[in-house]
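> pasting the structure only:
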């Protein structure tokens, strides 16, 4: 009864926990250029620094799970493998960026990114494009794009620091600073997290040995204006995590390591009163993974991606703008059992933007990919956004159509017991939605329908221990959100997703995708500096395997949080997660955190 009461109360007054499709925002990820979100036809969610601090999130999965159309699963505590499914797409079918640079790992099973060891503390902003973005972002963007963005330098220096302690000796500390040193803008950041964790093998099933973890990360960025309109920037991101993990259904003294290194450099030009913008960039990513089984020994993979890219956008008149670009990418992969492989892909893309009527924006694009192993492929995309009327309460209609193409990963091809007859995955999808502002812009309601068909989905066969193409899969559903920001001191949020993701050959539901997901929260701010909040997560039941033989029940988790501004620059905070100590699993036999409490302090300057 307590869960039903909390759920009904939240539904009565709630809205999306993240600043989803909020008016007046500028986004970069959707169109690869700075664009008002009201001119973007795709579904975009934005997570801000205020959202991160309000929810007291630690891991990136903590904030991504609060976005409509997104679900997550992790096989144990922090550090252990975690997947993010956007609208039912495979986790490896989503492109992951840090400061616009691809960090997907060629050594990953599907060429994706393992979210399990990435903390959120160093990022000021996260942009998530929901739905295929293959035309502008290329291979691996069938599900969507997630862009983690670090702070940008400002004219005056600003800094922040945070420290936290809690359940099972979990300690977290981080700091960042940004500003100008002469003509050079600088950003620096560090983060550290360590804890005893809990048994990856579900403690309620008999797991006793705790699987601890430690994470360290650092980021840096420098930018300088060389001449009026011409600037250069370079930066990097480094993270390393160690953790313990268990076998399926049993404790084990296994050890894991994940390390990611990213570096980039850009030369940018802006002229003709901002109507002409150009960029030439270079990016390098190195990834290392070690899974050291206590019985069989270590398995190590190393992936490397090197990219050169360029793009030019030009608006000859106010009603028209054109974006064209070219990219070349080389990937390398090796493991400690002798597998070594490399591949490359050359790409060219273009996008035309029109403003034929007041409030109406139309985008159309095309991409040509030439993969060294799988030949060439051309994909198309189109989307539109229409602001009907004017003023803060003007509704916005959105619709998009997108195609995607993803070649098998090097891991799938060269660790596949000699079976390399895999076909590339392809997709075609569309969505349509409406955004309805209310309460003079303080509130916003969104409703979106999506439908994506995928061919040649790659999965793993446990009987032959080989990867194979499924054939056809389809994911369709509804995303609903409401948001009220600072209405009489209240922030009230609701996100609900209905997802039907199935293998169209067998009719089985795709593994680990719940049909229903709900997140709701309400926060109250008092003038004395006190903030109190409660959130509710309702995860639907899901199958843990492609054959649909192992079913995991749904769950209801409640959390409480609060903070108090001691001074203008110092804030203390605390939270209780899983207040009612709910027992649930999102991966079969792997545990999830029980009731846990944390307290910390933030300092801003």
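Cool, the structure landed. If you're wondering where the values come from, they're calculated on a predicted model, not measured in any experiment.
> Compute the number of surrounding residues for residue 50.
Other residues near residue 50 number 12, with proximity taken as other CB atoms under 10 Å. Any C-beta I mention is one placed from the backbone N, CA and C, and that applies to glycine too.
> show me the contacts for it.
If a contact means CB atoms under 8 Å, 6 or more residues apart in numbering, then residue 50 has no contacts.
> any idea how far it lies from residue 35?
Relative to residue 35, residue 50 is positioned 22 Å away (CB to CB, to the nearest Å).
> Kindly report the same for residue 266.
The spacing between residue 266 and residue 35, counted by CB to CB, is 18 Å.
> So residue 35 sits against residue 29, correct?
No. Using CB atoms under 8 Å, residue 35 is not in contact with residue 29, being 9.5 Å away.
> Tell me which of these two has more neighbours.
When neighbours are counted by other CB under 10 Å, residue 35 and residue 29 differ, and residue 29 comes out ahead with 25 against 21.
> give me every residue that touches the more buried one.
For residue 29, the contact set (CB under 8 Å, 6+ apart) comprises 44, 97, 100, 127, 128, 129, 145, 147.
> nearest to residue 423, of those?
Relative to residue 423, the closest of these is residue 145; by CB to CB it sits at 23.6 Å.
> Who does the closest residue to the closest one other than its chain neighbours form a beta bridge with?
Using CB to CB, 6 or more residues apart in numbering and skipping residues adjacent in sequence, the residue nearest residue 145 is residue 129, 4.4 Å away. Beta-bridge partners for residue 129, by DSSP bridges, are residue 44, residue 145.
> With residue 320 instead?
With DSSP bridges applied, residue 320 shows beta-bridge pairing to residue 317, residue 354.
> Pretty sure it sits against residue 351.
No. If you go by CB under 8 Å, residue 320 and residue 351 don't touch, sitting 11.7 Å apart.
> who has more neighbours, these two?
Set side by side, residue 320 and residue 351 show more neighbours around residue 351, with 24 against 13, by other CB under 10 Å.
> Mind telling me what element that one is part of?
Assigning secondary structure by DSSP states H and E places residue 351 in strand 340-354.
> for residue 393, helix, strand, or coil?
The local conformation at residue 393, judged by DSSP: H, G, I helix; E, B strand; the rest coil, is coil.
> So for the closest residue to it other than its chain neighbours, what's the pLDDT?
Distance criterion CB to CB, 6+ apart; nearest residue to residue 393, sequence neighbours excluded, is residue 437 at 4.9 Å. We have a pLDDT of 91 for residue 437.
> go on, residue 51?
At residue 51, pLDDT is 91.
> Roughly how far does it sit from residue 445?
18 Å.
> what's the answer for residue 247, then?
46 Å.
> now do residue 353
Residue 353 sits at a distance of 27 Å from residue 445 (criterion: CB to CB).
> Next: residue 172.
Taking CB to CB, one finds residue 172 at 35 Å from residue 445.
> quick revisit: who's more crowded, residue 247 and residue 445?
More neighbours surround residue 445 than the other of residue 247 and residue 445, with 19 against 14 (other CB under 10 Å).
> Confirm for me that that one is in contact with residue 435.
Yes. The criterion here is CB under 8 Å, and residue 445 meets it with residue 435 at 7.2 Å.
> what's the first-to-last distance across stretch 292-300?
Its start and end residues considered, stretch 292-300 measures 8 Å (CA to CA, to the nearest Å).
> Make 318 the starting number, not 1.
From this message on, residue numbering opens at 318, which makes the last subject stretch 609-617.
> Quick check: mean pLDDT of it?
Stretch 609-617 carries an average pLDDT of 94.
> Give me the residues contacting it.
Contacts for stretch 609-617 (CB under 8 Å, 6+ apart): 569-574, 605-608, 652-654.
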